[in-house]
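**Q** need a 3D model of the sequence below.
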Amino acid sequence: MIRKKIVLFVFLTVLYISCSESGNQTIQTPVSFDLEEVIRRGKLTAVSDFNSTSYFLYKGEPMGFHLELLQEFTAYLGVDLEIITENHPDKAIELLNNGSADLLAMGLTVNSSRKRVIRFTEPILETRQVLVQRKPRNWKSMTESNLNRHLIRNQLDLGHKTIYVQENSAHASRLKSLASEIGDTITIIEVPLEPEQLIRSVAKGEIDYTVSDENVARVNATYYPDIDVNTPVSFMQKIAWGVRKNDSDRLLEALDTWIAGYRKTKDFALLYAKYFRNSRSGLIVKSDYYSLGTGKISKWDDLLKKASAEINWDWRLLASLVCQESRFDPGVESWAGAYGLMQIMPETADRFGVDIKASPENNIKAGIMYINWLHSIFDQRIEDEQERIKFILASYNAGPGHVLDAMKLAEKNGMDPHKWNDNVEKWLLKKSDPQYYNDTVVKSGYFKGTESVNFVRDILDRYEHYSNMIPVTVPSLAGILVK
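**A** This is a model prediction of the structure:
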């Protein structure tokens with residue numbers, strides 16, 4: 001299947017209870033390459049975390065503050081973007097330093113311990129750490145002053161409290177420093193869960209307290225109204241991206257130049273407001289199709305999982321195709337008459353004897369029959385499975401005749417007829433030129449291939465995002481807490 005660029009998020013059931021400074025981070029010797037290598041390969045690989053602000057899927061489409069920043073930066077460089085997902089900061093740093101990634105693009109708090117292992121960019125934004133606590137049951141009937149008396153508002157009152165935080169996080173470090181500052185004991189339990197999962201546990205009553213960056217906490221408070229996020233536990237802190245220490249001078253220079261300029265733009269202000277000040281963010285996370293919370297892409301997931309087995313596809317790839325064709329709308333009809341989830345043409349439906357308007361199931365059935373027919377054409381021609389998928393996707397959009405023509409043109413002109421990128425796709429684009437669509441090897445005539453080339457690229461790009469985050473196992477503290 002298409003190469004899955006996903007780093008599995010392995011949850012370790014480890015507890016750590018302490019009020020003192022944790023052990024030093026393991027410092028590995030980083031690999032060495034810089035911006036020139038990124039430009040040469042034409043791709044920047046970034047590690048990002050998946051949560052309701054950084055990087056997530058909503059109704060089948062990738063979204064996120066750091067995702068959109070990355071897209072802007074890679075457009076600035078003129079390279080493609082690949083994302084690896086990892087929510088544990090230490091593991092993300094390891095991916096950077098072992099060369100799996102070029103950049104850490106997540107909400108990293110700038111602190112001295114991290115400066116020992118990475119170099120930070122210009123700040124992306126500033127925030128502070130806040131205590132997340134649950135309001136009393138009858139808080140809606142309380143005056144503000146009465147509510148404040150029932151909540152922790154003074155950091156001194158954190159003495160003898162138990163607070164859960166992500167292991168080896170900046171939040172854990174801050175609480176250890178705070179315990180020393182107030183001269184009292186704070187029981188800090190470090191768990192392999194990211195801050196939003198711990199916020200959810202506070203809201204559910206599984207734990208009493210956690211700590212989060214304020215901008216993330218306030219987004220969560222819009223859809224967990226019973227939590228309070230108004231007690232700061234730190235001063236304002238810089239949030240930045242990170243690169244390797246022993247190289248990346250020119251990459252860091254490019255990042256700093258771009259960040260300093262982009263932060264002054266209206267586009268940045270709108271982007272920040274979209275994810276951190278928009279009250280509709282809560283509606284996204286409450287949705288059944290906010291994938292981080294539910295592991296769902298669409299209401300048709302079960303049908304797509306069943307159908308994908310008939311063509312031996314990853315169901316997420318089929319879901320990406322359906323998203324591209326119809327945005328999961330079962331009643332949509334194109335100007336050309338293509339109908340439904342898989343945008344089947346009436347003549348195609350007639351060929352397979354399926355009433356595509358009878359039900360979404362029928363529409364998917366016709367689409368699967370068409371894909372199987374395309375497999376019968378290309379399975380014998382394209383040996384490599386990853387390449388074959390690209391040819392089948394292109395044929396789903398263009399029809400197999402035009403793709404077969406492009407293969408013949410590629411072969412005639414000294415290119416590889418069995419490879420899509422930079423080979424057959426180029427000749428599909430040339431089929432709008434009389435010099436080529438009138439060539440004797442061409443059987444299907446003129447074709448404007450731009451849509452089909454973009455169709456393949458967009459589906460595979462979206463599939464990569466789906467592979468990064470679906471299925472998402474959302475753990476709770478149930479299997480982690482020591483009773």
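**Q** and the nearest residue to G64 once chain neighbours are set aside, bridged to which residues?
**A** Closest residue in space to G64, ignoring its immediate chain neighbours: Y55 at 3.8 Å, by CB to CB, 6 or more residues apart in numbering. To be clear about C-beta, it is placed using only N, CA and C from the backbone, and glycine gets the same treatment. In this entry, Y55 is beta-bridged to N51, by DSSP bridges.
**Q** burial count for Y55?
**A** Neighbourhood size, Y55 [other CB atoms under 10 Å]: 26.
**Q** just the pLDDT at it, thanks.
**A** Per-residue pLDDT puts Y55 at 90.
**Q** is it true that it touches E68?
**A** No - Y55 is beyond contact range of E68, at 9.4 Å (criterion: CB atoms under 8 Å).
**Q** next one: L304 from S326, what distance?
**A** Remark: distance between L304 and S326 (CB to CB, to the nearest Å) = 12 Å.
**Q** for V202, same thing?
**A** Distance from V202 to S326, by CB to CB: 39 Å.
**Q** same question for S320.
**A** As judged by CB to CB, S320 and S326 stand 12 Å apart.
**Q** for R153, same thing?
**A** 51 Å.
**Q** and for Y262?
**A** From Y262 across to S326, the span is 34 Å (CB to CB).
**Q** comparing these two, which residue is more hemmed in?
**A** Ranked by neighbour count (other CB under 10 Å), Y262 and S326 place S326 first, with 23 against 17.
**Q** backbone dihedrals for the more buried one, please?
**A** Main-chain dihedrals, S326, degrees, to the nearest 10: phi -140, psi 0.
**Q** for N246, same thing?
**A** Dihedral angles (degrees, to the nearest 10) for N246: phi -90, psi 0.
**Q** isn't A307 up against A366?
**A** No - if you go by CB under 8 Å, A307 and A366 don't touch, sitting 10.6 Å apart.
**Q** more neighbours, these two?
**A** More neighbours surround A366 than the other of A307 and A366, with 25 against 21 (other CB under 10 Å).
**Q** mind checking pLDDT for the more buried one?
**A** pLDDT for A366: 97.
**Q** count of neighbours near L321?
**A** 28.
**Q** quickly find the element holding it.
**A** Element membership for L321, per DSSP states H and E: helix 315-326.
**Q** and that helix, what does it pack against?
**A** helix 301-311, helix 385-398, helix 450-469 (3 or more CB pairs under 8 Å, 6 or more residues apart in numbering; DSSP states H and E).
**Q** the shortest one to helix 315-326, inter-axis angle?
**A** Looking back up the chat, that one is helix 301-311. Angle, helix 301-311 to helix 315-326, by axes from the mean of the first three to the mean of the last three CA atoms, to 10 degrees: 110 degrees.
**Q** confirm that K238 sits in a strand.
**A** Yes - judged by DSSP: H, G, I helix; E, B strand; the rest coil, K238 forms part of a strand.
**Q** now do the contacts for it.
**A** Contacts for K238 (CB atoms under 8 Å, 6 or more residues apart in numbering) come out as 109-110, 120, 123, 126.
**Q** repeat that for D355.
**A** D355 is in contact with 349, 362, counting by CB under 8 Å, 6+ apart.
**Q** was I right to think N87 contacts S48?
**A** No - assessed by CB under 8 Å, N87 is found out of contact with S48, at 9.2 Å.
**Q** between those two, point out the one with more neighbours.
**A** A direct count of neighbours by other CB under 10 Å for N87 and S48 places S48 higher, at 27 against 23.
**Q** got the phi and psi for the more buried one?
**A** According to degrees, to the nearest 10, S48 has phi -130, psi 160.
**Q** kindly report the same for E333.
**A** Backbone torsions of E333, given as degrees, to the nearest 10, read phi -130, psi 130.
**Q** once you drop chain neighbours, what's closest to it?
**A** Y339 (5.0 Å).
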